[in-house]
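[1] Got a predicted model here, sequence first, then my questions.
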Amino acid sequence: MNGKRTGRVAARWWAGLLLVCFTLPALAQTSPTAINWTALSTEQQRVLSRFEQNWAELPVERQNNLARGAERWLTMNPDERAAAQQRFETWRSYSPQRRDRILQRYRDWRNLPESDRQRIRENFQRFRDLSPERRQELRERFQRLSPEQRQRLRDQVRSRRQRDRN
């Protein structure tokens, strides 16, 4: 009886150890720690000064995103900062619905296999290599298609891609 009990205790101990070993790294990746305002560099504090008063109340993920963003901002040259500022102003001008659609497309993109993302990048580069006139012509042709025709075209491309993979 004592041997069985010892075996069960050992099995539970090993199971607990394995659980800790496999869950702690995942928790560390998904649960960033809060950042104390004073732990930020002077430059980061300057960039993030408008958040100083309520920094402690910000969600931990937001603190980490802001700190990383400030660090990136500090490494940019003036032209890159101007471009980033323009993109931010454009983003702010979008409706909440449009921003949600863009964020969903980004999440969808991130969930694609790397091979699909690479294929899309290559196709986009081929499109960009076309003359502006040819790109415009293709855009106009696509816009003139009915929703059903667009779907058929997408289906044809998918089946062609599938055939090429096999």
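    Yep, it's here. Residues are numbered from 1 along each chain as shown.

[2] host element of the closest residue to residue 150 other than its chain neighbours?
    If the residues on either side of it in the chain are set aside, residue 150 comes closest to residue 142, at 7.0 Å by CB to CB, 6 or more residues apart in numbering. From N, CA and C alone the C-beta is placed, and that goes for glycine too. Residue 142 is part of helix 132-144 when elements are defined by DSSP states H and E.

[3] Show which residues not belonging to that helix make contact with it.
    127, 128, 130, 150, 153 (CB atoms under 8 Å, 6 or more residues apart in numbering).

[4] same check, this time on stretch 33-45
    48, 52, 55, 56, 60, 63, 64, 67, 70, 71, 74.

[5] go with 6 Å
    Outside of stretch 33-45, the residues that reach it under the criterion CB atoms under 6 Å, 6 or more residues apart in numbering are 55, 60, 63, 67, 70, 74.

[6] By neighbours, which of the residues you listed wins?
    residue 63 (22 neighbours; other CB atoms under 10 Å).

[7] which residues of this structure fall in helices?
    Applying DSSP state H to the chain gives helices spanning 2-30, 42-47, 60-75, 78-93, 96-111, 114-129, 132-144, 147-165.

[8] thinking again about what came up before, list buried residues within the contacts of helix 132-144.
    Buried subset of these (neighbour count, 16 or more other CB atoms under 10 Å): empty, as none qualifies.

[9] possible to save those residues as CSV with distance to residue 40?
    Listed next are those as CSV, based on distance: CB to CB, whole Å:
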residue, distance to residue 40
127, 42
128, 39
130, 46
150, 49
153, 51
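
[10] Show me the two of those residues that sit farthest apart.
    128 and 150 (21.3 Å; CB to CB).

[11] So which of the contacts of helix 132-144 is the closest to residue 97?
    Nearest to residue 97 among these, with distances taken as CB to CB, is residue 150, at 21.6 Å.

[12] What's the per-residue pLDDT of the closest one here?
    On pLDDT, residue 150 comes in at 89.
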